[in-house]
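J.: Got a sequence here, can you build the structure:
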Amino acid sequence: MKRTMKITVNGKPYEVELGEANGGEMDVTVNGKAYQVTLEEGQAPVVVPAAPVKAAAPAPAPVARPAPRPAAPAAAASGNAFNAPMPGVIMDIAVEVGQKVSVGQQLCALEAMKMKNAIRSPREGVIAAVAVSEGQRVNYGDLLFQFE
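T.: Model prediction:
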């Protein structure tokens with residue numbers, strides 16, 4: 001004698017048909033797909049262990065990856081803008097307007113996630129504008145400095 005029941009696992013409905021138990025084995029059909037399952041010792045033939053349903057359950061959905069960061073907005077078409085590489089708080093500013101800077105020279109320190117990060121110049125040039133102040137919170141892509 002076969003028994004049919006409808007069950008829902010993680011919001012997805014399944015039609016399960018239980019066959020006759022032969023010793024410690026049972027035929028089970030889930031949504032039309034047949035499985036031969038082994039009952040755990042001591043299980044009554046009318047009780048179906050969770051394993052057949054789990055075997056028929058769909059694989060979990062892949063975890064969504066965060067969207068890529070948008071490109072930092074440029075304040076000037078000439079590429080003279082230097083924008084925040086991450087959100088945080090400006091801890092100190094090491095340069096001033098009119099100062100010549102070289103590649104790798106520290107422009108400011110930015111605290112992000114309780115870590116102090118040295119923000120360094122990507123190029124040689126002269127600082128035309130300092131767009132931030134100490135203690136200011138900045139977002140990714142905000143203008144920090146302008147080169148001449």
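J.: hey, let's count contacts and neighbours off CA atoms from now on
T.: Will do.
J.: need the next SSE after the helix or strand of the chain with the lowest mean pLDDT, C-terminal direction.
T.: Sorting the helices and strands of the chain by mean pLDDT, DSSP states H and E puts helix 51-56 at the bottom, at a mean of 48. Remark: after helix 51-56, the chain's next helix or strand is strand 81-83, criterion DSSP states H and E.
J.: next helix or strand past that following strand?
T.: strand 88-93.
J.: Quick one: mean pLDDT over that next one.
T.: In this model, strand 88-93 has a mean pLDDT of 95.
J.: So which residues make contact with that strand?
T.: Here strand 88-93 makes contact (C-alpha atoms under 8 Å, 6 or more residues apart in numbering) with 107-113, 116, 132-139.
J.: repeat that with 6 Å
T.: Strand 88-93 is touched from outside by C108, A109, L110, E111, A112, E134, G135, Q136, R137, V138, with contacts defined as C-alpha atoms under 6 Å, 6 or more residues apart in numbering.
J.: Now do the longest strand that the chain contains: which elements does it pack against?
T.: Using DSSP state E to define each element, the chain has its longest strand at strand 12-22. Applying 3 or more C-alpha pairs under 6 Å, 6 or more residues apart in numbering; DSSP states H and E, we find strand 12-22 packed against strand 3-9, strand 25-30.
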